[in-house]
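*Asks:* got a predicted model here, sequence first, then my questions.
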Amino acid sequence: MKAGKKRKEVVLDKETLDILELKAEKAGRNLKNYMEFVLQQDAFAFEPSEEYKKMMDQMIDSHNQGKTKYTPWLNVKKELFK
């Protein structure tokens, strides 16, 4: 087992395993690899919260109305690399 990985037992019914095996075969993967892939994809999937969506809508509205003030990248670089 590779460093940084943990082993977890998962108990699934036969029907679920049969379906997963078919999907794994279709994806060209073995069942274990497919399950790890699906779980990793789900773990890293990003769904912004309603609060984040609202904040971004407000920022876009502010930008469109010319209310947002930006700092030019060259000025930021000068500050960062003093």
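*Replies:* Perfect, thanks for sending it.
*Asks:* state the mean pLDDT of stretch 28-47.
*Replies:* For stretch 28-47, the per-residue pLDDT values average out at 94.
*Asks:* let the chain start at 240 from now.
*Replies:* Okay, using 240 as the starting number, the last item reads as stretch 267-286.
*Asks:* would you mark the buried spots in that stretch?
*Replies:* Residues Tyr273, Met274 are the ones in stretch 267-286 that count as buried (16 or more other Cβ atoms under 10 Å). The way it works is simple: take the backbone N, C-alpha and C, and place the C-beta from them, glycine included.
*Asks:* so how far is it off the chain centroid?
*Replies:* Put simply, stretch 267-286 sits 12 Å off its chain's centre (Cα atoms, centre = their mean, to the nearest Å).
*Asks:* okay, now the closest residue to Leu270 other than its chain neighbours: neighbour count?
*Replies:* Leaving out its chain neighbours, the residue that sits closest to Leu270 by Cβ to Cβ, 6 or more residues apart in numbering is Ala263, at 4.8 Å. Look at Ala263: counted by other Cβ atoms under 10 Å, it has 18 neighbours.
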